[in-house]
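Just the structure for this:
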Amino acid sequence: MGCSTLLFIFFSSINLCFASALNDYKYKCVNNGKFAGGSTYQANIDHLSAQITATKEFNYGFYNMTVGQRPNQVNAIGLCRADVKRDACKSCLNDTVPELKQSCPNRTEAIAWSDLCMLRYSSRNISGANETMPDYSVENYLSVFNIDPFNVILNSLLTNLSNLAAGEGPLRKWAAGNTTGPDFFDKAMYAFVQCTPDLSQQQCSNCLAIATSKIPYYCDGAIGCRVLQPSCMLRYEVGPFLGPVDDIPLPPSQIPSSPPPTEGNGSKKTIIVIIIASILSVVLLVILCLWICLRLRKSGEKDNAEDEIIKVESLQYDFATVQEATNNFCDENKLGQGGFGAVYKGHLSSGQVVAVKRLSSGSGQGDKEFKNEVLLVAKLQHRNLVKLLGFCLEGKERLLIYEFVPNASLDHFIFDPIKNAQLDWEMRYKIIGGIARGLLYLHEDSHLRVVHRDLKPSNVLLDIEMNPKRGFNRSNDKMHPYWVTLCSRKCTTETNHRVTCHDAYQQLYDSPKTLTPCVSLAQKDSDVRHVVIFP
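Numbers count the residues shown, from 1 in each chain. Coordinates of the predicted model:
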């Protein structure tokens, strides 16, 4: 494992979540006119769901529909992700119609994307038109440390897939693939591109090229991203996200007829037969070797996958257990509330006291990605880190179970005139040492090199012995469990919690905001400014 390895893990309260829940539709209302309530145009929109249900052809999840007559004709295009089955596709599109009507009331043109499908309608003819606006992007807030090599590999993968998708037949206009590299920390980068099948080969290629060009503006350096446009979309992740795809069999290629026999002596024919037989034998031998290698590789991957499943299941709690532990998430047990969800105190049947984070439903991450990241976070074990005990994934509920830290956060002591007096210099030295040990573990000693991206007193929790533990922020504006970036060289903190990584030790220059209040009379976080530490 090289020091340039792409280390990814440590989610921030499911910081990036791509969910397919109804309330997670992303929509755009196009300013292209309005219709009156109760009008014929509205009735035609209401009839869209019935027409989707009545359509028998699946066509790789592509629906190109018109409802009604001009001037009240509704033109609609629906497209499902390639791995979505027929019934799930129709259900997604049917659910999108009322979502669009509610989100864009009385608009003659609107578009919505979800994890499984896209639906748009308009009063104008949109069939066969390559349109790249309006658009929407969703990024993973975890970043790579070495952006340039990452972008080279990413652009190469997306370019190859775009060419494949554009060159497909009249119905299928998508492609999926993956690649590996030295920066992916034993993970492959998976990508998926898709155009609406009404586009020509050139239109599809142009649309995907524009979507690819938007990545540096929307998702620069992110380990996962989606760029959604009306006529095409792309997505890449470190780890698989597509399910199995049922391909429609393509017609067999024409086999050329054998040329008429020519006269010649028997020896020449014998030589030709021997040569052909030898070539076929070599080809069959190569195919057999490749097949054996693939079987062995798949067998190893299956064993690894089964081990990972066992580990995940050992961390999983059922919702009823967590609900009972928190007394049905009653307000008396509520420790805090933020934009990503609420934190509750809970008592397990074993008597253990825990902190339960109930993530908001709009967090947006798929079940597979959620379990993968929980498993990776659970591998970080240190006495100065809050321990992740488990999780719950049931329906729309996503819960994280942490060890309970009774003394709240460091800012409750150092910024409180009364509690501040409880911290003598020996205690402050102990707290600073614990913070430093936690940083050293994340930077050097853990199997994943991690850089904390929001290190401040409110993110340092104190246990019953006043030992510091880095953990989730219980302030009202940031309830996510961790802000981290995994990297190995140098990190320069930027705005909106994004980090460009170059050297892990550079993170120490961000620690004065936490350490200075421990040895000063600063009254709040904002009093700690422009602190310079010389190495």
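
which SS state does the closest residue to Tyr441 other than its chain neighbours fall under?
Closest residue to Tyr441 apart from its sequence neighbours, by C-beta to C-beta, 6 or more residues apart in numbering: His382 at 4.5 Å. For glycine as for every other residue, the C-beta is placed from the backbone atoms N, C-alpha and C. Secondary structure assignment for His382 (DSSP: H, G, I helix; E, B strand; the rest coil): coil.

residues in contact with His382?
By C-beta atoms under 8 Å, 6 or more residues apart in numbering, the contact list for His382 reads Arg437, Gly438, Tyr441, Leu442, Asp445, Ser446.

Quick check, pLDDT for the third one.
What the model reports as pLDDT for Tyr441 is 78.

Any figure for the gap between it and Asp198?
As judged by C-beta to C-beta, to the nearest Å, Tyr441 and Asp198 stand 54 Å apart.

try Glu131
11 Å.

swap in Val84?
Taken as C-beta to C-beta, the span from Val84 to Asp198 is 19 Å.

Which one of the two is surrounded by more residues?
Using other C-beta atoms under 10 Å as the criterion, Val84 and Asp198 rank with Val84 on top: 22 against 19.

Where does the more buried one fall, secondary structure wise?
Counting by DSSP states H and E, no helix or strand carries Val84.

Distance check, it against Ser91.
Here the criterion is C-beta to C-beta. By it, Val84 lies 9 Å from Ser91.

got it, and Ala222?
Ala222 is 30 Å from Ser91, by C-beta to C-beta.

And these two? Which one has more around it.
Taking neighbours as other C-beta under 10 Å, Ala222 and Ser91 compare with Ala222 leading, 23 against 17.

partners of the more buried one in the sheet?
In this entry, Ala222 is beta-bridged to Ser143, by DSSP bridges.

Begin at 9, not 1, for the rest of this chat.
Okay, using 9 as the starting number, the last item reads as Ala230.

ok, the closest residue to Cys233 other than its chain neighbours to Leu408 distance?
Closest residue to Cys233 apart from its sequence neighbours, by C-beta to C-beta, 6+ apart: Cys227 at 3.4 Å. Counting by C-beta to C-beta, the gap from Cys227 to Leu408 is 25 Å.

okay, the two: which has more neighbours?
Neighbours per residue (other C-beta under 10 Å) separate Cys227 from Leu408, with Leu408 holding more: 26 against 21.

and Cys97, that one's in a helix?
Yes: assigned with three-state DSSP, Cys97 falls within a helix.

Excluding chain neighbours, what is closest to it?
Cys88 (3.8 Å).

ok, the one you found - how many residues close by?
25.

Let me see the contact set for it.
The neighbours of Cys88, taking C-beta under 8 Å, 6+ apart as the test, are Gly69, Phe70, Ala96, Cys97, Cys100, Leu101, Leu124, Cys125, Met126.

Report the beta-bridge partner residues of the second one.
The residues listed as beta-bridge partners of Phe70 by DSSP bridges are Leu87.

Looking at it now. What's its pLDDT?
We note a pLDDT of 92 for Phe70 in this prediction.

can you check the fourth one too?
Cys97 is assigned 93 on the pLDDT scale.

mind checking how far it is from Val38?
From Cys97 to Val38 the distance is 24 Å (C-beta to C-beta).

Compare those two (neighbour count), which wins?
Cys97 (22 against 18).

For the more buried one, give me its contacts.
Counted by C-beta under 8 Å, 6+ apart, Cys97 has contacts Phe66, Gly69, Cys88, Leu124, Cys125.

any chance of the residues you listed in JSON lines, plus distance to Glu434?
Shown next, in JSON lines, are the contacts of Cys97 (distance: C-beta to C-beta, whole Å):
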{"residue": "Phe66", "distance to Glu434": "71"}
{"residue": "Gly69", "distance to Glu434": "66"}
{"residue": "Cys88", "distance to Glu434": "63"}
{"residue": "Leu124", "distance to Glu434": "58"}
{"residue": "Cys125", "distance to Glu434": "61"}
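
Tell me where the stretch 59-208 of the chain has strands.
70-75, 82-88, 115-121, 125-130, 144-147, 182-187, 197-203 (DSSP state E, counting those that start in this stretch).

Let's have the ones you listed in TSV, adding distance to Pro252.
TSV is the format used below for the strands of the stretch 59-208 of the chain (distance: least, C-beta to C-beta, whole Å):
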stretch	distance to Pro252
strand 70-75	19
strand 82-88	15
strand 115-121	22
strand 125-130	18
strand 144-147	23
strand 182-187	11
strand 197-203	14
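
right, so of those strands, which gets closest to Glu473?
Nearest of these to Glu473, taken as C-beta to C-beta: strand 144-147 at 39.8 Å.

Give me the distance from the longest strand anywhere in the chain to the chain's centre.
Looking across the chain with DSSP state E, the single longest strand is strand 34-42. Centre-to-centre, strand 34-42 and its host chain are 26 Å apart (C-alpha atoms, centre = their mean, to the nearest Å).

How about stretch 119-134?
Counting by C-alpha atoms, centre = their mean, stretch 119-134 comes out at 22 Å from the chain centroid.

now stretch 141-160
Distance of stretch 141-160 from the chain centroid (C-alpha atoms, centre = their mean) equals 11 Å.

Check which residues of it are buried.
Residues 142-155, 158 are the ones in stretch 141-160 that count as buried (16 or more other C-beta atoms under 10 Å).

now, which of those sits nearest Lys395?
Leu150 (20.7 Å).

That closest one and Lys34: what is the separation?
Taking C-beta to C-beta, one finds Leu150 at 20 Å from Lys34.

Same check on Val105?
15 Å.
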